[in-house]
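# Give the three-dimensional model of this entry:
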Amino acid sequence: MTTNMSGPTETTASSGESDGKIKDSNLRLTTTAWIAILILVFWVGVAVFAPFLAPYGEGDMVSMESFKVVEESSFLGTDYLGRDVLSRIIYGARMTLGLALIATILSFSTGIVLGFVAAISRGWVDQILSRSVDAIMAFPSIMLALIIIGGVGTSLPVVIFTVAMIDATRVFRLSRARALALDASVMEYVNVAEARGEGVTWIMLQEILPNTIVPLAAEFGIRYTFAILFISSLSFLGLGVQPPGADWGVMVKENLQGLLYGAPAALLPAACITTVSVAVNLLVDWFLHRSSTTIPGELME
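Okay, here's the model as predicted:
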């Protein structure tokens with residue numbers, strides 16, 4: 001009588017291969033996350049130290065020739081007015097990333113608070129907030145922005161407010177949905193907190209927010225990317241940052257004609273937008289993968 005031992009051996013080998021693939025996947029995600037972090041740190045450093053890094057001022061003309069490809073005084077060439085493209089990209093990082101960050105922070109603080117209030121309050125409060133958000137989301141984002149900015153006027157506060165308001169509707173939907181999904185599991189704790197006399201603010205911060213921090217943190221990265229692209233699109237349409245201000249979207253619009261002469265003045269700011277967007281998305285992917293395999297307290301270890 002013989003015994004077949006191939007079954008357990010094959011199972012062990014299959015398990016080893018699976019573990020190896022998981023480790024390889026984790027290594028790739030970690031590597032791309034570090035690359036993304038380095039890219040973002042680079043651009044944040046450029047934005048913060050723009051006045052010290054830029055060889056020229058934001059609007060200084062360094063050449064009498066438009067769309068000069070490369071010359072001694074201008075490493076990346078000149079734009080349609082003879083201004084240094086490198087300097088304007090550096091100052092544009094401050095404008096583009098800064099405006100997007102302010103708009104995202106405003107949209108998140110507004111959307112999360114209103115979403116949690118709607119989920120906790122229910123009734124007519126939830127109905128009013130939800131239907132108002134539905135009405136705003138019924139309009140295409142770019143069309144709604146054109147209506148608001150066209151009616152109120154073009155200025156940086158108006159641009160920030162418009163982007164934040166449109167973005168807040170998405171955050172509201174997510175935060176409200178997450179709070180309602182957790183309702184069955186946290187209702188006991190909510191009832192206990194209410195019996196102790198805790199207010200809505202305490203319940204939101206202590207009971208609901210800790211259980212929704214992972215998806216909301218990932219959504220922050222996605223919303224930040226959206227804000228960068230949205231502000232750049234508005235600038236491209238002439239409704240965002242106004243010349244002579246340096247913004248990557250404005251630079252693409254101003255220098256499109258340079259493509260006919262082989263000048264990179266329009267392609268370089270577009271590439272900058274791409275690098276930041278890709279880096280943020282890679283970091284979000286890593287964060288979601290990490291959070292799915294690690295308890296929340298270990299995420300920052």
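# any chance you could map the helices in the stretch 101-250 of the chain?
123-137, 141-152, 156-181, 183-195, 200-203, 209-236, 248-254 (DSSP state H, counting those that start in this stretch).
# Worst mean pLDDT among these?
Of all the helices of the stretch 101-250 of the chain, the minimum mean pLDDT falls on helix 183-195 (a mean of 60).
# From residue 256, how far off is the residue nearest the centre of the chain?
For the chain, the residue nearest the mean C-alpha position is residue 224 (1.8 Å; C-alpha atoms, centre = their mean). Using C-beta to C-beta, to the nearest Å, we find residue 224 at a distance of 26 Å from residue 256. C-betas here are computed from N, CA, C, even on glycine.
# Isn't the residue nearest to the centre of the chain up against residue 280?
Yes: contact criterion C-beta atoms under 8 Å: residue 224 and residue 280 qualify, at 6.0 Å.
# Name the spans of the stretch 1-150 of the chain whose pLDDT lies under the cut-off.
By pLDDT under 70, the weakly predicted segments of the stretch 1-150 of the chain are 1-25, 70-74.
# tell me which residues in stretch 34-54 are buried?
Within stretch 34-54, the residues that qualify as buried are 36, 39, 40, 43, 46, 47, 50, 54, counting by 16 or more other C-beta atoms under 10 Å.
# Which member of the residues you listed is positioned nearest residue 172?
Nearest to residue 172, judged by C-beta to C-beta, of the buried residues of stretch 34-54 is residue 40 at 26.5 Å.
# if I pick the closest one, what's in contact with it?
276, 279, 280, 283 (C-beta atoms under 8 Å, 6 or more residues apart in numbering).
# Out of the buried residues of stretch 34-54, flag the one nearest to residue 117.
residue 40 (32.2 Å).
# from what I can see residue 98 touches residue 46, true?
No: applying C-beta under 8 Å as the test, residue 98 and residue 46 come out as separate, 11.6 Å apart.
# Out of the contacts of residue 40, show me where the pLDDT dips lowest.
residue 283 (88).
# Does that residue touch residue 36 like I think?
Yes: with contact defined as C-beta under 8 Å, residue 283 counts as touching residue 36 (4.4 Å).
# shared neighbours of those two, which are they?
Contacts common to residue 283 and residue 36, judged by C-beta under 8 Å, 6+ apart, are absent.
# on that earlier part again, using TSV, please lay out the contacts of residue 40 together with secondary structure.
Output for the contacts of residue 40, formatted as TSV (DSSP: H, G, I helix; E, B strand; the rest coil):
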residue	secondary structure
276	helix
279	helix
280	helix
283	helix
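# neighbour-wise, which of the residues you listed leads?
residue 276 (25 neighbours; other C-beta atoms under 10 Å).
# How much space separates it from residue 230?
Residue 276 is 13 Å from residue 230, by C-beta to C-beta.
# nearest to residue 85, of the helices of the stretch 101-250 of the chain?
Go through the helices of the stretch 101-250 of the chain one by one with C-beta to C-beta and the one that ends up closest to residue 85 is helix 248-254, at 7.8 Å.
# Show residues contacting that closest one.
Under C-beta under 8 Å, 6+ apart, the answer for helix 248-254 is 79-80, 85, 88-89, 92-93, 95-96, 231-238, 240-243, 265-266, 268-270, 272-273.
# cool, stretch 167-176 as well?
103-104, 106-108, 110-112, 114-116, 118-119, 126, 129-130, 133, 136-137, 212, 215-216, 219, 223, 226-227, 230.
# For ChimeraX, write a command that selects the buried ones of those.
Applying 16+ other C-beta under 10 Å to those, the buried members can be selected in ChimeraX as follows:
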select :103,104,106,107,108,110,111,112,114,115,116,118,119,126,129,130,133,212,215,216,219,223,226,227,230
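# next one: stretch 260-278 to chain centre, how far?
Distance of stretch 260-278 from the chain centroid (C-alpha atoms, centre = their mean, to the nearest Å) equals 19 Å.
# Touching it from outside, list them.
36, 39-40, 43, 67-69, 76-80, 85, 89, 92-93, 96-97, 225, 228-229, 232, 248-249, 251-252, 254-256, 258-259.
# mind checking the backbone torsions on residue 62?
phi -110, psi -10 (degrees, to the nearest 10).
# Pretty sure residue 84 is one of the things it touches, is it not?
Yes: if you go by C-beta under 8 Å, residue 62 and residue 84 touch, sitting 4.8 Å apart.
# And the two? Which one has more around it.
residue 84 (27 against 20).
# is that one in a bridge, and if so with what?
residue 78 (DSSP bridges).
# Verify the contact between it and residue 58 for me.
No: Residue 84 is beyond contact range of residue 58, at 9.5 Å (criterion: C-beta under 8 Å).
# Distance check, residue 170 against residue 115.
With distances taken as C-beta to C-beta, residue 170 is found 10 Å from residue 115.
# Right, I'll call it a day here.
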